[in-house]
Every structure is written in structure tokens, then in C-alpha cells.
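Engineer: Just to be clear, the model below is a prediction. Sequence and coordinates:
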Amino acid sequence: MKKTVLTLAISAIVFGATTQVNAAGFQLAEYSATGLGRAFAGEAAIADNASTQARNPAMLAYLEGRQVSSGGIYVMPNVDVMGDVGISSPLLGSEPLVIGADDYDVADNALVPNFYYSNQLNDQWTWGLAVNSNYGLETNIPVADAAAIFGSKTSITTVEFNPNVAYRLDDAFTVGAGLRVVYGEGEVGATAPGWIDTIKTSLPASISARLPAGGTNQKSMEGDDVGYGWKAGASWQINSANRIGLAYHSSVDLKLDGHVDGVVYTGGQDIEIEGYLPVELPAFAELASYHQLTENWAMHASVNWTEWNVFDQLVAYFPSDVKPVGDLTSNIVKEENFNDNWRYALGTTYTLNDQWTLRAGMALDKTAVDDQDRTTTIPDSDRLWFSVGTGYQLTKNLNVDLGVTYIKTHGDAPITETQDLLGLAAVSYTGEATGDVWITGVQLDYKM
């Protein structure tokens, strides 16, 4: 039975959290260790193995026979969120009370597995199946942390099931299409910070009684949902040495049904409030090229676009007779004001001999948010990728690929956010998110 709890912090579970420095917004680029070794440059125009269908279904037409590719990518983020919490209220005096709110290493490591299968039916038709994860993270800070009111726990696990088919029109052109079936589940929560217990001692008893104890659930969510979309691609083999690939992935609409919880909505009563939140996962596209410069050496590049402007604001709706505090029928969950973002990648591949292949790449992943709109739940910033990888032919039919990437946030990422504390005080957060990520992966490819 589906269960969802909507919250003011719901965007953290759907769109990422303070750990998300791999790609803009909430996207994960890590679909295979093969592409990881070249910073995912040229992916829509390269057909190393069955994992190619994850980026461009048309590239399935370049794979012969039946092939299986499976692996895992291990993400090791190091994210610090440094800032101060300011509490403004006439009850506390004319000057805001400022409390340090530095949190270190808030992101957990994560393994992102994948599986791909391709089957060439004849000279024209090839079909395949992709199973991978597009979003996944987990962050935790203590429930009584100074910034816990903005979010104390976020976790998400997603899986995309993706059947694809490709058709070869002639020696130069291929086309492909696929169905996107996205399943996601997660949990997010915000709790009362510990400083509430401190300020309660200086407040009148009637006011103090209205404030929750530090660590109390302010708002929380857990649930799952399924959404559907499509994707399409094409490739053009200009000549034996040059190829262009183009792929488009549609948006996926989700409607998260469930109920809200926490004192912000229930007022501390033991009631269940139904609600739903429409969410649109943005469309994205890639234009890629591949160039065989010599017998052993190739260069490849990608330009990626994501339609992040669909994230203007998130609105929750409460259709049942039982309403949240204030008799709300809807509530603006969060203002996001995202912009479309672009990613640029350049990579190279060198075939050392019949057994060894070497890869490298760099990428610039631009932020999807302006400084004035950045939040603690999505502290997006520009990112620089530096990748190396290798492939080794173990047997005639079995190959192993290894990839390592270092990602560093580029430029400043200031955060300014405010939250109301039960109408008694305005709570603000001012700070900056910094960090880097190490990613490593292995991919096994087998020709059946």
C-alpha cells in the first residue's frame, strides 16, 4: 500500500539534498563505470556495450548478438554545510540571536548498481533492457542540530526500468526509442532544533508551552510512487571516423498521494491529514560526437541540457475534510525558481593494444539555480569533473571496465533561507555549502 507524507521539506527527497554535488539539481549521471572513466563525454554517440541504451537507445543498433553489461558505482561525497542560524522575535529582544550551525560530512556513501541487456534480432532491429538508478542519496544530521528545522534527515532510492528498441535505417542512420518506468521511495524529516529548549527558559510560561521540545518532529515524510515517460534517439555515421548522436528523455510526472505529519501541520493533535503533491521530473537531452583521429586514438564530446525551469514552485494540496492547521486547502511547499542547466564534457579514448583501453575526460556541469534562490535542501553550484578509466579484455567475450572521477564544486554557493517557527519567531539560515566527491566504478561486459 502506497504511503506518502508531505512536508515543507519534501523537495529534499524528490530533488536531492545537501549531498547532491554529482550533477545539477537532483540528477545522477552515473549510469555505468565505462562512461565514468571519460566523464560521460560523447555518451550518446558511443556504443561500448549494452549500457549505451541508458543514454541513447539508437546506439543499440551498433551492438552485435546478445550482450550483458552490469556493474556498480560507489559514490563517496564529502560535503560540509557551514553557516549560522538567526532567530528574530520581539520576545527575544531587538537584536537577532545568532547560533553557529556548521555541519560536517553530512552525506553518506552510496552504491549505485546497474544492469543492461541487448539482443540483436537481425540486421535492422535490436532491443534491450536497462535497469539503473537516476537518483539516490542519504543525509543525516542530529535531530536537535541548530539547523534541523530546515531538514534533519533525507534519503531516497530510485530505480528506472527501461525497455528500448533500435532500428537501422541504412549504413549511416539509426533511430531508437524506449519507455521510462521510474519507481522511487524515500524519507525526509525536519525536527525542532535544540536551541528551542534554551530559549524557552527566558520566555513566559504561556509562550514556552507552545514550543516543542528539541528533537520533536516538525514535519516528516516517507513514501513511494511510480511515474512513466519516454525517450528517443538517433545517430548519424558521417563516415568511418566520425559519428553524431542525439537523444531526448521526456519529463516524468509523479503525483505523490498520502498524508502530512508533524506539529507544523497537525498542531500536535493525533490526526491524519490526506494530501498530494504533483511533481514533474524534467526532460533532458544530449548532443554528442565521436571522432576516430587515428587507428588507436579517439576524441568525443557532449553537450547536455536539462529543462529545470519546470521547477518554479512545489504546491501541496489537501482535498479531504480534515485540513492542516489554518484550514489550508493548498500550501506552497517551496519556491525553487530553477533555470535550465547545461553540461559540457570532453573525453578521449586510446586503445593501447588488443587487451587494454585507456580513457580520460573533463566536464563542466553548470548550476541550475541563481544565488538568491539557493536553499539548504538543494545547495546547487557549478561542478568540475576530472575522470580516468581503463578497460581490459579478460577473454574473447568478457571485458572489465574501471573508472575513477573526482568532482569539485566550482565558485561560491551562498545559501540564505528563512522559516517561520509557529508564528513566534523568524528563523534564518545564512551560510555556504562546500565539498567534493570521489566516485569509482566497475563494469563487466559479456558477449553471449
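Structural biologist: That came in fine, so what should we check first? Numbering: from 1, shown residues only.
Engineer: Show the residue spans covered by the helices in the stretch 1-150 of the chain.
Structural biologist: Secondary structure of the stretch 1-150 of the chain (DSSP state H, counting those that start in this stretch): helices at 10-15, 33-36.
Engineer: For those helices, which has the smallest mean pLDDT value?
Structural biologist: Mean pLDDT is lowest for helix 10-15 among those, at a mean of 32.
Engineer: how far away is D257 from D321?
Structural biologist: Distance of D257 to D321, given as Cβ to Cβ, to the nearest Å: 16 Å. (Each C-beta comes from the backbone N, C-alpha and C, glycine too.)
Engineer: for the stretch 151-300 of the chain, what spans make up the helices?
Structural biologist: 195-200, 205-208, 263-266.
Engineer: returning to that earlier point: D257 and D321 - which one has more neighbours?
Structural biologist: For D257 and D321, the more surrounded residue by other Cβ atoms under 10 Å is D257, and the numbers stand at 16 against 7.
Engineer: tally of neighbours for the closest residue to the more buried one other than its chain neighbours?
Structural biologist: Leaving out its chain neighbours, the residue that sits closest to D257 by Cβ to Cβ, 6 or more residues apart in numbering is Y276, at 4.6 Å. A count of nearby residues for Y276, using other Cβ under 10 Å, gives 16.
Engineer: Y276 is in contact with G258, isn't it?
Structural biologist: Yes: in this structure Y276 lies within contact range of G258 using Cβ atoms under 8 Å: 7.3 Å.
Engineer: now whatever helix or strand T409 lives in: how far from the chain's centre is it?
Structural biologist: Element membership for T409, per DSSP states H and E: strand 398-410. Chain-centre distance of strand 398-410: 18 Å, with Cα atoms, centre = their mean, to the nearest Å.
Engineer: cool, and stretch 32-51?
Structural biologist: 19 Å.
Engineer: Flag the shaky bits of the stretch 151-300 of the chain, pLDDT-wise.
Structural biologist: 186, 223 (pLDDT under 70).
Engineer: need the strands for it, in chain order.
Structural biologist: 153-168, 173-191, 217-239, 242-249, 252-260, 273-281, 284-292, 297-306 (DSSP state E, counting those that start in this stretch).
Engineer: So which other helices or strands are in contact with the second one?
Structural biologist: The one in question is strand 173-191. Counting by 3 or more Cβ pairs under 8 Å, 6 or more residues apart in numbering; DSSP states H and E, the packing neighbours recorded for strand 173-191 are helix 10-15, strand 153-168, strand 217-239, strand 252-260.
Engineer: Tell me the strands beside that strand, with direction?
Structural biologist: strand 153-168 (antiparallel), strand 217-239 (antiparallel) (DSSP bridges).
Engineer: Name the residues of stretch 200-217 that are buried.
Structural biologist: 200, 203, 211-212, 214-217 (16 or more other Cβ atoms under 10 Å).
Engineer: Now tabulate the residues you listed in JSON lines and tack on distance to V68.
Structural biologist: Output for those, formatted as JSON lines (distance: Cβ to Cβ, whole Å):
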{"residue": "K200", "distance to V68": "61"}
{"residue": "L203", "distance to V68": "64"}
{"residue": "L211", "distance to V68": "58"}
{"residue": "P212", "distance to V68": "53"}
{"residue": "G214", "distance to V68": "52"}
{"residue": "G215", "distance to V68": "48"}
{"residue": "T216", "distance to V68": "50"}
{"residue": "N217", "distance to V68": "45"}
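Engineer: tell me the two of those residues that are most distant?
Structural biologist: L203 and N217 (21.4 Å; Cβ to Cβ).
Engineer: Now do S88: how many residues are near it, please.
Structural biologist: Neighbours of S88 using other Cβ under 10 Å come to 18.
Engineer: wait, which of the strands of the stretch 151-300 of the chain is closest to N397?
Structural biologist: Nearest to N397, of the strands of the stretch 151-300 of the chain and by Cβ to Cβ, is strand 153-168 at 21.6 Å.
Engineer: what about the stretch 1-150 of the chain, any weak spots by pLDDT?
Structural biologist: Using pLDDT under 70, the flagged stretches of the stretch 1-150 of the chain are 1-29, 135-137.
Engineer: and if we set it to 80?
Structural biologist: Low-confidence regions of the stretch 1-150 of the chain, defined by pLDDT under 80, span residues 1-30, 106-108, 134-141.
Engineer: pLDDT at I378, what is it?
Structural biologist: 66.
Engineer: Then the one 3 residues further on?
Structural biologist: If you check S381, the pLDDT there is 73.
Engineer: which non-adjacent residue is nearest it?
Structural biologist: S381 sits nearest to A413 (Cβ to Cβ, 6+ apart), 3.7 Å away.
Engineer: and the one you found, how many neighbours does it have?
Structural biologist: 21.
Engineer: V131 now?
Structural biologist: 16.
Engineer: That one is in contact with P163, isn't it?
Structural biologist: No: here V131 does not reach P163: they are 10.1 Å apart, not a contact under Cβ under 8 Å.
Engineer: want to throw the helices and strands packed on strand 173-191 into JSON lines with distance to T306?
Structural biologist: Shown next, in JSON lines, are the helices and strands packed on strand 173-191 (distance: least, Cβ to Cβ, whole Å):
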{"stretch": "helix 10-15", "distance to T306": "12"}
{"stretch": "strand 153-168", "distance to T306": "16"}
{"stretch": "strand 217-239", "distance to T306": "14"}
{"stretch": "strand 252-260", "distance to T306": "13"}
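Engineer: Out of these, which is the most enclosed?
Structural biologist: Compared across those, helix 10-15 shows the largest average neighbour count, a mean of 27 (mean count of other Cβ atoms under 10 Å).
Engineer: is it true that S251 touches P282?
Structural biologist: Yes: using Cβ under 8 Å, S251 makes contact with P282 at a distance of 5.7 Å.
Engineer: Need the overlap of contacts for those two.
Structural biologist: 307, 310 (Cβ atoms under 8 Å, 6 or more residues apart in numbering).
Engineer: Compare the two and say which is more crowded by neighbours.
Structural biologist: Using other Cβ under 10 Å as the criterion, S251 and P282 rank with P282 on top: 23 against 15.
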